[in-house]
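Student: Sequence and predicted structure, then a few things I'm wondering about:
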Amino acid sequence: MVTTTIQRQSLSYWLSEHPSIVGFRWSHTQSWGSTWYFLFTSIAAYITLSVFLHILLALFRRRRPVPLGPIPAIHSLSMALISVVIFIGILFSTAAEIRDTRWFWRRSKTPFQWLLCFPLGTRPSGRVFFWSYVFYLSRFLQLLRTFFAILHRRKLTFSQLFNQSILLFMSFLWLEFSQSFQVLAILSTTLVYSVVYGYRFWTAIGLPSACFPFVVNCQVVLLGCNLIWHVGVLPLHFLNGGCNGIGAWCFNSVLNGAILFLFLNFYVKMHLKKSKVVPVEDDPSATHESSASALEAKREQKNL
């Protein structure tokens, strides 16, 4: 009992009470990757390198996947562990932040309302924004999956490049404009990512995969949660005197709508492919077509 308490206090210190976390401040001069120039340059470089690598492999007409060894598995394990750390860190930090600042907003908001709607004038500093910054940096590591996909000779799509670029852009906006609802969005995203990347590591080391589209279903859950958090800001903004970063919220609405449209388009296509598969006992000639369609759907699922 005493040992558990000491361990919890030690974990709380390193994840929410350390001076570097408490004293964090999002600054264009002190925080790496915090300028608009860096953001747009990074996105442009990501898209350019992805397209160049895709064209390069096409010119050499390489049909076999480029062997990457354990690199994808290590990447998945790293992303899963980073997601777990961010989830626990922002959970501890949120509890500490509510404890320390509740005196300022307790008459107008409950803790859950504070999570959805930061008070006007909130600055990107302190515990919560430290972990938001770590989450923003982890987006750059996530971009490597696109290059893994290209080297495995999967099809490079506009939706893939657009989705990754927009996710990085939105993470930047959360910090730049101290946008409301970002705590809940990071909590739900890191929770799902820890499960998804843990599953990808599981399958990458040769263990059996699920008998249903696991990654796609997790993505549906995540999109549903983010949609709820996103819409929840609106009534609080008009009824409780305003939420911080509402301008960025409006821009985010457009970007989230585009991501949702692309995902639903993929989801419908995936199910249409499944519905077109004719059972083998009804049509023996459909065996190869069925296998190809299932393989293509599975590859697109893993590419999310």
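Tutor: Nice, I can see it. Predicted model, so just to flag it, every value in this text is computed and none were measured. Residues are numbered from 1 along each chain as shown.
Student: Tell me, please, where in this protein the pLDDT is lower than the cut-off.
Tutor: Applying pLDDT under 70 to the chain picks out residues 1-2, 62, 103-108, 270-304.
Student: Please, which helix or strand holds Trp131?
Tutor: helix 127-142 (DSSP states H and E).
Student: From the chain's centroid, how far away is that helix?
Tutor: Computed by Cα atoms, centre = their mean, to the nearest Å, the chain-centroid distance of helix 127-142 equals 10 Å.
Student: ok, and for the helix or strand following it, which residues are buried?
Tutor: Once the chain leaves helix 127-142, the next helix or strand it forms, by DSSP H and E, is helix 144-151. Buried positions in helix 144-151, judged by neighbour count with 16 or more other Cβ atoms under 10 Å: 145-146, 148-151. In this view, the C-beta of every residue, glycine as well, is placed from N, C-alpha and C.
Student: cool, stretch 39-55 as well?
Tutor: Buried residues in stretch 39-55, counted by 16+ other Cβ under 10 Å: 39, 42-43, 46, 50, 53-54.
Student: just those residues now: which is nearest Val215?
Tutor: Nearest to Val215, judged by Cβ to Cβ, of the buried residues of stretch 39-55 is Ser50 at 20.2 Å.
Student: Next, the contact list for that closest one, please.
Tutor: Applying Cβ atoms under 8 Å, 6 or more residues apart in numbering, we find Ser50 in contact with 146-147, 150, 156, 161.
Student: And the furthest pair within these?
Tutor: Using Cβ to Cβ, these span at most 11.6 Å, a distance reached by Phe147 and Leu161.
Student: picking that back up, which one of the buried residues of stretch 39-55 is nearest to Thr94?
Tutor: Closest approach between the buried residues of stretch 39-55 and Thr94, by Cβ to Cβ: Leu39, at 25.6 Å.
Student: For Ala248, see how far away the closest one is.
Tutor: 14 Å (Cβ to Cβ, to the nearest Å).
Student: and what of His237?
Tutor: 12 Å.
Student: Which elements pack onto the one helix or strand Pro235 maps to?
Tutor: Using DSSP H and E, Pro235 sits in helix 214-239. Under the contact criterion of 3 or more Cβ pairs under 8 Å, 6 or more residues apart in numbering; DSSP states H and E, helix 214-239 touches helix 111-116, helix 182-204, helix 246-276, helix 287-302.
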